[in-house]
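Chemist: Structure for the following, please:
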Amino acid sequence: MTAPLTVIDMHTGGEPLRIVTGGYPQLPEGLTILEKRAYVRDHLDHLRRLLIFEPRGHYDMYGALLVEPNLPGADLAVLFMHNEGYSTMCGHAVIALGRYAVDVGIVERREPVTTVNIECPCGLVVASVEIKDGKAGAVSFESVPAFLFARDETIVLPGHGNIAFDIAYGGAFYALADCRQFGLEFGKSRTRDFIDAATALTEKLKAEFPLAHPEHADLAFLYGTILSDGADTFSVEPTRNVCVFAEAEVDRSPTGSGVTARLAAMHAKSEIDIGQTRIFESIAGSRFTGAVARTATVGSHAAIVARVSGRAFYSGKTEFIIEPDDELGKGFLLR
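Modeler: Have a look, this model is predicted:
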């Protein structure tokens, strides 16, 4: 670290996003977005720990590093970071970055909607930022095509017995399961119990249920588990879920890529129509709206393009330094 790291902090539905605005070394030229992801993982991971871990961050902090885009038409490109490493898609971050790109002039502000094309490791994501009286408001995004990978599977989970689950891709792969199978209920059960149940399922599936993505092997990993209230049936009522991802990190928002994955699973099971809107509520009580915009295909998989909407807010602006003899300042986690 040769210069202070400057950041702008935002949150979407309560889920933090730390946007790096300065201090990162320049990445080598000519790399694809997935190669850039691999480069920062292999050569600059000490900066992730400095930004995400204590004493500057916390176990559930989330970050975004803006890099030069490669895809034609992309306004910006982003690498996502968290307590375990670097994800391939993050909807809450896209919502925040859509507003940020308009506010700082990366794209020209246009009323009533400004389009921001964001290159993510999973592909191009299109954000639509509502503009009223010159001010950015709600943001919607359409991500890469999402699909149901595994349907109505069961696995024996020690301490819980047979657990039914789906696996769906929404820019990242998630296991989807009804929380009631674990004896959990939103509003009554502890967050810690949701974390333990979701983490147990994630780790079991990582060990025993191989994944494959038709476009790139780097996308074929289980990012986490989403536990829902089971309200996937054809309905207009809100449905609650919690996403536990990376190293048992808890998303305070409904999870944009997770909502995308749930919509893909719901559509594959004829539980939602094209154009029908559902409200997805997080464990913190924040809400995203989601809908199936249209159908698509990914390799041999029938897929959908989802449209997810939410709001992001600013929470701070900071300059981080580290003194040469500060070992704890390099980053640590206690949980």
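
Chemist: Poorly predicted segments of this protein, please.
Modeler: 1-2 (pLDDT under 70).

Chemist: Leaving out the residues flanking it, which one is nearest to residue 3?
Modeler: Nearest in space to residue 3, with sequence neighbours left out and distances taken as Cβ to Cβ, 6 or more residues apart in numbering, is residue 23 at 4.8 Å. Quick note: C-beta positions are derived from backbone N, CA and C, even for glycine.

Chemist: would you list every one of the strands in the stretch 51-200 of the chain?
Modeler: In the stretch 51-200 of the chain, the strands defined using DSSP state E, counting those that start in this stretch lie at 63-67, 76-81, 113-120, 123-132, 135-142, 146-157, 161-169, 173-178.

Chemist: ok, the residue nearest to residue 3 - contacts?
Modeler: 1, 3-6, 320 (Cβ atoms under 8 Å, 6 or more residues apart in numbering).

Chemist: Dump the strands of the stretch 51-200 of the chain to a markdown table, plus mean neighbour count and distance to residue 219.
Modeler: Formatted as a markdown table, those follow (neighbours: other Cβ atoms under 10 Å; distance: least, Cβ to Cβ, whole Å):
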| stretch | mean neighbour count | distance to residue 219 |
| --- | --- | --- |
| strand 63-67 | 22 | 18 |
| strand 76-81 | 24 | 13 |
| strand 113-120 | 20 | 11 |
| strand 123-132 | 20 | 9 |
| strand 135-142 | 19 | 18 |
| strand 146-157 | 18 | 11 |
| strand 161-169 | 20 | 8 |
| strand 173-178 | 25 | 8 |
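
Chemist: Adding distance to residue 255 as columns, could you present the ones you listed in JSON lines?
Modeler: What follows is the strands of the stretch 51-200 of the chain, written out as JSON lines (distance: least, Cβ to Cβ, whole Å):
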{"stretch": "strand 63-67", "distance to residue 255": "16"}
{"stretch": "strand 76-81", "distance to residue 255": "13"}
{"stretch": "strand 113-120", "distance to residue 255": "15"}
{"stretch": "strand 123-132", "distance to residue 255": "15"}
{"stretch": "strand 135-142", "distance to residue 255": "13"}
{"stretch": "strand 146-157", "distance to residue 255": "13"}
{"stretch": "strand 161-169", "distance to residue 255": "12"}
{"stretch": "strand 173-178", "distance to residue 255": "8"}
